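**Student:** Sharing a model that was predicted from the sequence below.
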Amino acid sequence: MGNPKANNINQLFKPRDDGILVSTSLKITLIMITALTLGFSSSFVVNDMYRSYLSSRVASVAAAWPATESNQAAQKRLDDIKQAYDGASQVYLLQPNSKGGYDRIEADGEREPASIYLISQLYSNSPAIKGPLSDHWQKQVITTAPVTDPVSGQTVAVIGIDVLSSTYMLVVALAVIIPLLAGIGISVIVVAADRIRLKRREALRFRSELVSIASHELRTPLTGLRWSEEGLLKAKLAKTYHQTVRTMYDSTLRLQESIEDILQLANLQAGRNLGLNKAPTDLTELLTGILTVQKLPAEQKNLVLKFSDNWPKHLTVNCDQQRLKRVFNNLISNAIKYSRPGTEVYLDYEKEAGRHLISLTDHGIGIPDSEQTKVFSGFYRAANAIKAESNGTGMGLYLSRQVVEQHGGRLWLKSKEGTGTTVFIELP
Amino acid sequence: MDQTKTILIIDDDKTLLDALAGALTQAGYKTLTAGSGQEGLELAKQAKPDLTLLDYQMPEMNGIETLEQLRRDDWGRKAKVVITTNIYDLNVVNQALANGVSDYLLKADNSLDEIVRQVEKHVS
């Protein structure tokens, strides 16, 4: 943006995205750590489950083994078993050899000494088996089971079982990969959700900046106009010029009021400036200032703007001065707008149960009973108000009530159509 | 009106600067004007005004930055400053209060008479 003010405002409201990005990466890190831990532990569980499944298979084969069977027939049976359960595994037949050890029996009947690894496995399964063994396939052996001669009770053979390492690795790898994939999937969802949140936040920030820029860019020239007109009104001008400047001034104030209503609403919608800047404020002084400014439009209708006799000399309330000023400006301006010429608009004060009760009474057109709640709903103007005065956003009472309630107070009204309205503002 | 009181107005908007200076002069104050934070700082240190009306939204050096610089000066540390702005942002208000401003006025919400009355309150 070329506008230096706009740039300054941009700096003022620069993106605060770091927070959301950090939290996204933190979330992903936590998810991935969980997924890795889960994967790592499930690989152990799956490994144990798989081994115990193979052990039970081998044990059942060994239990059903006919000890007297020929090697060839035995090998055929082994092949059948292999095909029967997963096709990827090897089932081995071991038999005692002449050296006191054990040989693996090949399909062609050849014998090959079994491995040291295997013998250690065999020891755990059957302490009766002893002897020096060696072989190259030991790494594949998952489990073994002895075949016992039912007559002599001696171990006559040992069958071993393994699974191709690729199949075994796949099973274990899946145990790791599935939680990891789930972790990645959840991370993708988290990133997407955070992106949506970020975009929404961006949009809100953009709106907030727009409101801020609009506030400044609309208010500044309007203030220039208003102050220049105020200067002219004080100057010695011919009566006709004076009247023209006065009309200009009234229009400027009306425009300013509408713009402030819209800006306040936009601020509310953009979630900006919702807090209050409370400080002890003399409401008597604040209202005197407002009455002085509103004297000009009031005089045009020959109205008397005044405080009641019991109004305190100083009325200190802990409040956001700027916001309450706008509330009172709005209410007093309404009272003037809808008053019958030549009547009184007055402010009254009471202290009730430690709370300040301010009321503003006019003798104007009033609000019909059926519309007395609607006028607080925003963008709503009573039918008789539209008839009496074509200008107005219909936001004044809505926004005023919001501000008063933000202060922990209440704003309500009593009105009779054709007689007048009293607006009550109760503040802590 | 005490003729000796000097008010420094720092605002980059010439219309507002002139209008404010005009009203304050008419009310009997001696006024000094500066169109930027830097210019205002130099003028403040040199003339030591009784009150400075400081705009917030200005190019190069905004009101808060100007105020922070002013507070680093021996005299400026205790100088009376009122922020006059058309931005009502609570962050800015808080920064201004943290830097010891006497008041925070929204220009759009105040007539020239009201500003003069506020000035009167702060210099009396």
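**Tutor:** Great, that's in hand.
**Student:** Ramachandran angles for A:N47?
**Tutor:** For A:N47, the backbone dihedrals (degrees, to the nearest 10) come out as phi -60, psi -50.
**Student:** so how many other residues sit close to it?
**Tutor:** 14 (other C-beta atoms under 10 Å in any protein chain shown). For the C-beta atoms, the positions are set from N, CA and C on the backbone; glycine is no exception.
**Student:** Is it correct that it is in contact with A:M169?
**Tutor:** No: contact criterion C-beta atoms under 8 Å: A:N47 and A:M169 do not qualify, at 10.5 Å.
**Student:** Let me see the ranges of the strands in the chain.
**Tutor:** Picking chain A for this. Applying DSSP state E to chain A gives strands spanning A:89-96, A:102-105, A:111-113, A:141-148, A:155-163, A:279-282, A:304-307, A:316-319, A:344-352, A:355-362, A:410-416, A:420-427.
**Student:** switch to chain B, that's the one I care about
**Tutor:** Secondary structure of chain B, counting by DSSP E: strands at B:6-10, B:30-34, B:51-54, B:81-85, B:103-106.
**Student:** Contacts only, for the most centrally placed residue in chain B.
**Tutor:** A centroid search over chain B (C-alpha atoms, centre = their mean) returns B:L53, at 1.1 Å, as the residue closest to the centre. If you count contacts by C-beta atoms under 8 Å, 6 or more residues apart in numbering or on different chains, B:L53 has them with B:7-11, B:20, B:82, B:84, B:115, B:119.
**Student:** Enumerate the residues of the stretch 301-428 of chain A near chain B.
**Tutor:** The interface of the stretch 301-428 of chain A toward chain B, taken as C-beta under 8 Å from any C-beta of the partner chain, is made up of A:322, A:325-326, A:329.
**Student:** about what we covered before: tell me how far the residue nearest to the centre of chain B lies from B:Y104.
**Tutor:** 11 Å (C-beta to C-beta, to the nearest Å).
**Student:** Check A:S258 too.
**Tutor:** 24 Å.
**Student:** Name the residue in these two with the higher neighbour count.
**Tutor:** For A:S258 versus B:Y104, neighbours defined as other C-beta under 10 Å are more numerous around B:Y104 (20 against 15).
**Student:** Quickly list what that one is bridged to.
**Tutor:** Taking DSSP bridges, one obtains B:I83 as the residues bridged to B:Y104.
**Student:** number of nearby residues for residue 28?
**Tutor:** Because you didn't say which chain, this covers chain A. With other C-beta under 10 Å as criterion, A:I28 counts 18.
**Student:** not quite, I wanted chain B
**Tutor:** Neighbour number of B:G28 under other C-beta under 10 Å is 13.
**Student:** So A:A279 versus chain B, what's the distance?
**Tutor:** Using C-beta to the nearest C-beta, to the nearest Å, we find A:A279 at a distance of 9 Å from chain B.
**Student:** Just the pLDDT at that residue, thanks.
**Tutor:** Per-residue pLDDT puts A:A279 at 83.
**Student:** Report the contact partners of it.
**Tutor:** A:A279 makes contacts with A:318-321, as judged by C-beta under 8 Å, 6+ apart.
**Student:** and which of these is nearest to A:Q269?
**Tutor:** When the contacts of A:A279 are compared for distance to A:Q269 (C-beta to C-beta), A:D320 wins out at 19.1 Å.
**Student:** Which residue is the nearest non-sequential neighbour of the closest one?
**Tutor:** A:L276 (4.2 Å; C-beta to C-beta, 6 or more residues apart in numbering or on different chains).
**Student:** Repeat that for B:D109.
**Tutor:** The shortest distance from B:D109 to any non-neighbouring residue, by C-beta to C-beta, 6+ apart, is to A:K325 (5.7 Å).
**Student:** State the number of residues packed around that neighbour.
**Tutor:** For A:K325, the count of nearby residues is 21 (other C-beta under 10 Å).
**Student:** Correct me if wrong: it contacts A:I290.
**Tutor:** Yes: here A:K325 reaches A:I290: they are 6.8 Å apart, a contact under C-beta under 8 Å.
**Student:** ok, A:R410 - contacts?
**Tutor:** Counting by C-beta under 8 Å, 6+ apart, A:R410 touches A:404, A:424-426.
**Student:** Now with 10 Å, please.
**Tutor:** Contact analysis of A:R410 by C-beta atoms under 10 Å, 6 or more residues apart in numbering or on different chains lists A:355, A:357, A:401, A:404, A:424-428.
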